[in-house]
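S.K.: Predicted model and sequence follow; I will ask about them next.
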Amino acid sequence: DGGITQSPKYLFRKEGQNVTLSCEQNLNHDAMYWYRQDPGQGLRLIYYSQIVNDFQKGDIAEGYSVSREKKESFPLTVTSAQKNPTAFYLCASSRDRGGHSNQPQHFGDGTRLSIL
Amino acid sequence: AQKVTQAQTEISVVEKEDVTLDCVYETRDTTYYLFWYKQPPSGELVFLIRRNSFDEQNEISGRYSWNFQKSTSSFNFTITASQVVDSAVYFCALSERWRSSGGSNYKLTFGKGTLLTVNP
């Protein structure tokens, strides 16, 4: 079945450590997104990629980095510069590729990141 | 700046009751899109509906219905005869045109969500 796979489901980070969250999609979608969700909050956009080898900062990009070397993959690295990384991270994808299309975003199951 | 307000933080109903989740938005765009997503306890967001700003027809899908009123900037969601399986967090979201190096696209601004609990 087509969908978005995020791994791991749970992740623990030590102080000063970088960790990478995986996001893979087999929907042949051009656009991919990373969101952060804190308790009682909506989703906030971290990074966004419209096409391979291109990505844009979202509203809260500081302390995070991404790459988009393949259409199917959009990994997110939470760096040691992110002082409050404990949150639920959601990856999404959509068919959009510029213009005025506005397709629904499809989401993965999320990764819950905690600090040890 | 765009904004989405879901004033109801939590709602608790008894099974078979009808329930309406409110969503009010602000935008300066003349062309925009509104969405509702459901987030069950498992965590993933499930797409429910998309509406564009030029289509004010209300929509019904089974027990779900949506009332879009541009005059009041509202896009409310009603569940008729609620069931325990409807228990989830529901998010309203508004698209925003976002111009990047790759061209024009949209990004979503989410409300903070409404936690709906349907009790048996």
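M.R.: Okay, I see it.

S.K.: Kindly state the beta-bridge partners for the spatially most central residue of chain A.
M.R.: Nearest to the geometric centre of chain A sits residue A:34, at 2.6 Å (CA atoms, centre = their mean). For residue A:34, the beta-bridge partners are residue A:47, residue A:91 (DSSP bridges).

S.K.: Read off the pLDDT value for it.
M.R.: Note on residue A:34: pLDDT of 96.

S.K.: So it sits against residue A:90, correct?
M.R.: Yes - with contact defined as CB atoms under 8 Å, residue A:34 and residue A:90 form a contacting pair (7.5 Å). Placement of C-beta: from N, CA and C, glycine included.

S.K.: after the helix or strand of chain B with the lowest mean pLDDT, next one along is what?
M.R.: The weakest-scoring helix or strand in chain B, judged by mean pLDDT, DSSP states H and E, is strand B:103-110 (a mean of 73). Per DSSP states H and E, the first helix or strand lying C-terminal to strand B:103-110 is strand B:114-119.

S.K.: buried residues in that next one?
M.R.: B:114, B:116, B:118 (16 or more other CB atoms under 10 Å in any protein chain shown).

S.K.: Closest one to chain A out of those residues, please.
M.R.: residue B:114 (10.7 Å; CB to the nearest CB).

S.K.: For the closest one, which residues are in contact?
M.R.: By CB atoms under 8 Å, 6 or more residues apart in numbering or on different chains, the contact set of residue B:114 is B:6, B:8-11, B:21-22, B:89-90.

S.K.: Need the residues you listed in JSON lines (columns: secondary structure, distance to chain A and neighbour count).
M.R.: JSON lines is the format used below for those (DSSP: H, G, I helix; E, B strand; the rest coil; distance: CB to the nearest CB, whole Å; neighbours: other CB atoms under 10 Å in any protein chain shown):
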{"residue": "B:6", "secondary structure": "coil", "distance to chain A": "8", "neighbour count": "21"}
{"residue": "B:8", "secondary structure": "coil", "distance to chain A": "13", "neighbour count": "15"}
{"residue": "B:9", "secondary structure": "coil", "distance to chain A": "7", "neighbour count": "10"}
{"residue": "B:10", "secondary structure": "strand", "distance to chain A": "10", "neighbour count": "11"}
{"residue": "B:11", "secondary structure": "strand", "distance to chain A": "14", "neighbour count": "16"}
{"residue": "B:21", "secondary structure": "strand", "distance to chain A": "14", "neighbour count": "22"}
{"residue": "B:22", "secondary structure": "coil", "distance to chain A": "15", "neighbour count": "17"}
{"residue": "B:89", "secondary structure": "strand", "distance to chain A": "10", "neighbour count": "21"}
{"residue": "B:90", "secondary structure": "strand", "distance to chain A": "11", "neighbour count": "25"}
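
S.K.: Nearest to residue B:79 among those?
M.R.: residue B:21 (7.8 Å; CB to CB).

S.K.: hey, what's the closest one bridged with?
M.R.: Going by DSSP bridges, residue B:21 forms beta bridges with residue B:77.

S.K.: can you check residue B:67 too?
M.R.: Per DSSP bridges, the residues bridged to residue B:67 are residue B:76.
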